[in-house]
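In: model the following, please.
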Amino acid sequence: MDEEKRQINETMFSEPDQNGVRFYSMDAKKTLDKKSRTKKALIIFGIVVLVFVILGVACSRLDIDSSSSSSSGNVYPDDSYIAKLSVEGTISSDNASDYFGTPVGYQHQWTLDTIDDLINDENNKGIILFVNSPGGGVYESDELYFKIREYQEQTGRPVYSSMGTMAASGGYYISAPCNKIIANRNCWTGSIGVTMGTLFDFSELLERYGVKTNTITSGANKAMGSSVESMTEEQKQIFQSLVDEAYEQFVGLVAEGRHMDIAKVRQIADGRIYTAKQALSLGLIDKIGTFDEAAADMKKTYKLEDCEVADLSYQDVSFFGSLFGKANFPKMASKGDVAAILELVEQENQFPVSYMCEALK
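Out: Residues are numbered from 1 along each chain as shown. Take a look at the predicted model:
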C-alpha cells in the first residue's frame, strides 16, 4: 500500500524546484481516475458474465432433469437395453470429492438407486458391472451384494461382472453372485479376506519423552485400539474375532456364488492376489476377456442380440458440479513430512473392518 501511494505521488506531484515548491498535475489525476474506473468496469463485467454462465448452466440442467422421473436422476432408453454400471474406486458411502466438493468416483447411494430403477424398468434386460476396484467397506460391499441379489431374484435377469485392471477383495465380493465373471487378461483379482488396517502404538515413544496420558473409560476394553496405550492379548483376540466373522461371511458368499466347496474356498482365500489366468484355473472367474466380449456373451447366451448397451454413469447436477466439473485446478502445496505422517496415522487409526486390498487401494 505504501508503494502504491508513492507511485501516485510521483505521478501527480512534480519534483520540488529550487525554492522547494511542488506543482500539482490535474492531468495525472484524471489519468489515475480513468484507470480506476476501467478496473472497476472490468470487475463488474466479469461478475455479470459469471452470473449469466451460472444461469445458463442451471437452465440446461433443469431441462435434463425434467426429462427424467427416476429416483437416481437417470434417463433410460425407450427400447430394450442392457445396463452398464461402473464400480470404480473404493466401495464406500463416504464418496470422494474434488477441490470444490463435487462428488467423483464411485457413488454408492446412486448405484443402489439405479439398480432399484432397473428392477422396475421392463425395458432393461440385464446388467453388466464394470468393476475396477481395490475393494471397500464391509457394510457397503455387502449392501451392494444384496442389491445385486435382489435384482436377480425379482427380475430373473442376468448380471455379469466385467473386471478391469483390478477387482480385489470387495471388488470380488460384489462379483461373486454374478451369473458370469469375465476378467481382463491383465486384471488382478481375489484378495479374499478382511482387514482392520494398521493400529499404531506410540506408548513407548511417549514414555521416552516423559509424556503421560490418562484415558477415562467405563470398561477395560472401551479404549482398545488407542495409539497411546499398548494393546492387551484379550483386545487382540476381540479384534481378531471381528475380522474372522467377516471373513467367514466372505468365504461362504464365494462358495455359494461360485458353486464351490467351502473348504476349497478357505484354502485359496488367504488374502493373496491372483492374476486373471490364475483365477480362471481356480474357478474364481468364468472367462478372460474384455467388456465388449462380456456384452457379446450376455447377448448370445440370453438371446439379447437386439439390445443396446446403455452406459449409466453418475452425473452431478449441482451448479458448481456443472460449472467446474471438467475444470483443471492446480493441486495445493504438498504437506510437510510431519503433517503427512500425522494424516497417515489418523487415517489408519480409524481401523474400519473392510474388504480392502491394501496393495491396490
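
In: residue 86: which element?
Out: Using DSSP states H and E, the element containing residue 86 is strand 81-88.

In: can you check residue 182 too?
Out: Residue-wise, residue 182 maps onto strand 180-183 under DSSP H and E.

In: what strands line up against that strand, and which way round?
Out: strand 159-168 (parallel), strand 287-288 (parallel) (DSSP bridges).

In: most tightly surrounded among those?
Out: strand 159-168 (a mean of 26; mean count of other Cβ atoms under 10 Å). Any C-beta I mention is one placed from the backbone N, CA and C, and that applies to glycine too.

In: can you name the next helix or strand after that one?
Out: helix 170-173.

In: what is that following helix packed up against?
Out: Counting contacts by 3 or more Cβ pairs under 8 Å, 6 or more residues apart in numbering; DSSP states H and E, helix 170-173 packs against strand 124-133, strand 135-137, helix 138-155, strand 188-190, helix 233-258, strand 354-356.

In: show the average pLDDT along the fifth one.
Out: For helix 233-258, the mean pLDDT works out to 95.

In: right, and the helix or strand after that helix?
Out: Counting by DSSP H and E, what follows helix 233-258 is helix 262-268.

In: what comes up buried for that next one?
Out: For helix 262-268, the neighbour count (16 or more other Cβ atoms under 10 Å) marks 265-266, 268 as buried.

In: quick revisit: reformat the helices and strands packed on helix 170-173 as JSON lines; add mean neighbour count and distance to residue 79.
Out: Formatted as JSON lines, these follow (neighbours: other Cβ atoms under 10 Å; distance: least, Cβ to Cβ, whole Å):
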{"stretch": "strand 124-133", "mean neighbour count": "24", "distance to residue 79": "10"}
{"stretch": "strand 135-137", "mean neighbour count": "26", "distance to residue 79": "34"}
{"stretch": "helix 138-155", "mean neighbour count": "18", "distance to residue 79": "17"}
{"stretch": "strand 188-190", "mean neighbour count": "27", "distance to residue 79": "34"}
{"stretch": "helix 233-258", "mean neighbour count": "16", "distance to residue 79": "31"}
{"stretch": "strand 354-356", "mean neighbour count": "29", "distance to residue 79": "37"}
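
In: so which of the ones you listed gets nearest residue 293?
Out: strand 124-133 (10.9 Å; Cβ to Cβ).

In: state the mean pLDDT of that closest one.
Out: Rounded mean pLDDT across strand 124-133 is 98.

In: just checking, what packs against that strand?
Out: Packing contacts for strand 124-133, counted by 3+ Cβ pairs under 8 Å, 6+ apart, involve strand 81-88, helix 108-119, helix 138-155, strand 159-168, helix 170-173, helix 291-301.

In: quickly run through the sheet partners of it, with directions.
Out: strand 81-88 (parallel), strand 159-168 (parallel).

In: mind listing what's buried in the first one?
Out: Of the residues in strand 81-88, 81-88 count as buried by neighbour count, 16+ other Cβ under 10 Å.

In: residues in contact with that strand?
Out: Contact with strand 81-88 is made by 105-106, 111, 114-115, 118, 123-133, 144, 164, 171, 174, 291, 295, 298-299, 304, 307-313, as judged by Cβ atoms under 8 Å, 6 or more residues apart in numbering.

In: CA atoms of stretch 124-141 as PDB?
Out: Extracted as PDB, the C-alpha positions of stretch 124-141 are listed here (Å, rounded to 0.1, in the frame of the first residue of the first chain):
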ATOM      1  CA  ASN A 124     -34.000 -53.400 -19.000                       C
ATOM      2  CA  LYS A 125     -32.900 -56.900 -19.800                       C
ATOM      3  CA  GLY A 126     -29.700 -57.300 -17.800                       C
ATOM      4  CA  ILE A 127     -26.800 -55.600 -16.000                       C
ATOM      5  CA  ILE A 128     -23.100 -55.700 -16.700                       C
ATOM      6  CA  LEU A 129     -21.000 -54.400 -13.800                       C
ATOM      7  CA  PHE A 130     -17.700 -52.900 -14.900                       C
ATOM      8  CA  VAL A 131     -15.600 -53.500 -11.800                       C
ATOM      9  CA  ASN A 132     -12.300 -51.600 -11.300                       C
ATOM     10  CA  SER A 133     -11.900 -51.500  -7.600                       C
ATOM     11  CA  PRO A 134      -9.500 -52.500  -4.800                       C
ATOM     12  CA  GLY A 135     -12.500 -53.200  -2.500                       C
ATOM     13  CA  GLY A 136     -14.100 -51.200   0.200                       C
ATOM     14  CA  GLY A 137     -16.100 -51.200   3.400                       C
ATOM     15  CA  VAL A 138     -17.700 -54.400   4.700                       C
ATOM     16  CA  TYR A 139     -21.100 -52.700   5.100                       C
ATOM     17  CA  GLU A 140     -21.100 -51.000   1.700                       C
ATOM     18  CA  SER A 141     -19.800 -54.100  -0.200                       C
END
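
In: when you give positions from now on, start the count at 150
Out: Shifting the count to begin at 150 puts that one at stretch 273-290.

In: picking that back up, looking at the buried residues of strand 230-237, which is nearest residue 390?
Out: Minimum distance to residue 390 across the buried residues of strand 230-237 is 29.4 Å, recorded for residue 236 (Cβ to Cβ).

In: now for the closest residue to the closest one other than its chain neighbours: which residues touch it?
Out: With sequence-adjacent residues excluded and distances taken as Cβ to Cβ, 6 or more residues apart in numbering, residue 236 is closest to residue 280, at 5.0 Å. The contact partners of residue 280, taken as Cβ under 8 Å, 6+ apart, are 236-237, 310-313, 316, 320, 323-324.
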